[in-house]
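Undergrad: only the shape, not the letters, is given here:
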RNA sequence: GCUGGGAUGGCGGAGUGGACAAUCGCAACAGUCUGUAAAACUGUCGCCCGAACGGGCUACCUAGGUUCGAAUCCUGGUCCCAGCA
């Protein structure tokens, strides 16, 4: 199978951002909308898709790309993050063991996600980059707990890689990346990193929760992973992040990012706008190169200006602040769509700037 | 004109003698969101001082009255609604 990830992007080493289409849809958008924002690819989630669709759908479709009518690249996440968000949250029902993750879904059935099943399903989805099943280390983990999750992450990674090697051919061999866990413990992070490198992945992901206990982004761990992985290693910031965080991580060598922020924020009335007057004038080195725009403020009710003059998205090119405020006020879903389109274009402009800087050695 | 019902904070709408500066919803304002159980959630919301506990002031159409105490009871007035002439 043709590797859309490579072909759509051209050069894999360029910095890329993938919005999250967890359930094979970027909420409120269709695939043509996504394409129109110059977004190179999306991320889908193994756990959610397996739970909703099972295996049989993909006997009729040639992977997730055909199913969702999407021409761009696709990353699949393993479902490891769901350990945290479902099982380890207070109401979630499920269990993590060395075998895998057992989750009771709301549909009254139990799903057992093993490293092998996770990779198997991702291969069935025919995605361009697969992520190993990992055991999420929560931010509150003690050293012992963190160590246990690191050991489990490593042994699962070995199983994932073995299964991957046995079930891929040169016709279809996506990228596969390992995920570095270990919480806030630097020695565990380093150890996890080194062990994963030995297994021989195409890349490594900054896993866990990247925000430290004081609410700041943990750049120290990001740096540690970057410096402890080989030059050829594809670095992936899982679930990262804010625009300024992405800029900093690209400088460290990270190349791939996915995050819910632009799409969720859009639905929650937070739009990203560059402080520059035009796209050409955007300076990512400036302290505050962007700010938030809250679209339904009273002050915008009669404002005929576009949301941002440094944007060329559907919203900014065709509609006023006044009209968007109106759409939000009456609760029309087009407000969410237009805002999501805008935020995705904001991110794709960001990545285009970073790609340009990278190609020109900046 | 008669009879009945009603007038509450930006709006809607509870309360019907003390626990009322007044439930709740909307609006407004401030904030949160990072491999999406999130088109969600949190806070403020009469005025003044205070970070906060709290304190002071003015308030439930209006003018009086009853009462230790009234948005709540009584009387007059103004306006609104329904039915009848």
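TA: In hand now; what should we look at? Just so it is clear, the model here is predicted, and its values are computed rather than measured.

Undergrad: quick check: phi and psi on residue A:243?
TA: The phi/psi pair for residue A:243 (degrees, to the nearest 10) reads phi -50, psi -40.

Undergrad: just checking, it touches residue A:348?
TA: No: Residue A:243 is beyond contact range of residue A:348, at 11.5 Å (criterion: C-beta atoms under 8 Å). To be clear about C-beta, it is placed using only N, CA and C from the backbone, and glycine gets the same treatment.

Undergrad: list the contacts for the most centrally placed residue in chain A?
TA: Nearest residue to the geometric centre of chain A (C-alpha atoms, centre = their mean): residue A:258, 2.0 Å. Contacts for residue A:258 (C-beta atoms under 8 Å, 6 or more residues apart in numbering) come out as A:17, A:18, A:19, A:20, A:43, A:75, A:77, A:238, A:239, A:240.

Undergrad: what of residue A:47?
TA: Neighbouring residues of residue A:47 by C-beta under 8 Å, 6+ apart: A:79, A:82, A:103, A:111, A:113.

Undergrad: just those that are near RNA strand B?
TA: residue A:82 (C-beta under 7 Å from any atom of the strand).

Undergrad: tell me the residues of the stretch 201-350 of chain A that contact RNA strand B?
TA: Residues of the stretch 201-350 of chain A lying near RNA strand B by C-beta under 7 Å from any atom of the strand: A:205, A:207-208, A:210-211, A:215, A:217, A:238-242, A:245, A:258-261, A:263-265, A:267-270, A:294, A:296-299, A:329, A:333, A:336.

Undergrad: kindly report the same for the stretch 1-150 of chain A.
TA: Checking the stretch 1-150 of chain A against RNA strand B by C-beta under 7 Å from any atom of the strand, the hits are A:19-22, A:26-28, A:43, A:45, A:48, A:77-78, A:80-82, A:84-86, A:89, A:91-92, A:106, A:131, A:134, A:136.

Undergrad: restricted to helices, list those.
TA: Cross-referencing these against helices under DSSP state H gives A:48, A:81, A:82.

Undergrad: any idea which of the residues you listed is closest to residue A:154?
TA: Nearest to residue A:154 among these: residue A:81, at 17.5 Å, using C-beta to C-beta.

Undergrad: just give the nearest non-adjacent residue to the closest one, would you?
TA: Counting by C-beta to C-beta, 6 or more residues apart in numbering, residue A:136 is the residue found nearest to residue A:81 once chain neighbours are left out, at 6.1 Å.

Undergrad: residues touching residue A:180, list them.
TA: Counted by C-beta under 8 Å, 6+ apart, residue A:180 has contacts A:189, A:192, A:193, A:196, A:204, A:205, A:206, A:207, A:208, A:225.

Undergrad: tally of neighbours for the first one?
TA: If I follow you right, that is residue A:189. Counted with other C-beta atoms under 10 Å, residues neighbouring residue A:189 total 27.

Undergrad: so it is in which element?
TA: Assessed by DSSP states H and E, residue A:189 sits inside helix A:186-199.

Undergrad: what distance do you get for the closest residue to residue A:202 other than its chain neighbours to residue A:28?
TA: Of all residues not flanking residue A:202 in the chain, residue A:175 sits nearest, at 4.3 Å (C-beta to C-beta, 6+ apart). From residue A:175 over to residue A:28 the distance is 29 Å, taken as C-beta to C-beta, to the nearest Å.

Undergrad: show the buried residues in the ones in helices among the residues of the stretch 1-150 of chain A next to RNA strand B.
TA: A:81, A:82 (16 or more other C-beta atoms under 10 Å).

Undergrad: could I get the ones in helices among the residues of the stretch 1-150 of chain A next to RNA strand B as CSV with pLDDT?
TA: Shown next, in CSV, are those (pLDDT from 0 to 100):
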residue, pLDDT
A:48, 92
A:81, 89
A:82, 80
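
Undergrad: ok, the ones in helices among the residues of the stretch 1-150 of chain A next to RNA strand B vs RNA strand B, which is closest?
TA: residue A:81 (3.5 Å; C-beta to the nearest atom of the strand).

Undergrad: who's in contact with the closest one?
TA: Applying C-beta under 8 Å, 6+ apart to residue A:81 gives the contacts A:136, A:238, A:239.

Undergrad: now the helices for the stretch 101-250 of chain A?
TA: Counting by DSSP state H, counting those that start in this stretch, the stretch 101-250 of chain A has helices at residues A:115-125, A:143-167, A:186-199, A:219-227, A:243-252.

Undergrad: got these as a markdown table, with distance to residue A:290 and mean pLDDT columns?
TA: Converted to a markdown table, the helices of the stretch 101-250 of chain A look like this (distance: least, C-beta to C-beta, whole Å; pLDDT from 0 to 100):
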| stretch | distance to residue A:290 | mean pLDDT |
| --- | --- | --- |
| helix A:115-125 | 33 | 96 |
| helix A:143-167 | 34 | 97 |
| helix A:186-199 | 29 | 97 |
| helix A:219-227 | 19 | 97 |
| helix A:243-252 | 5 | 97 |
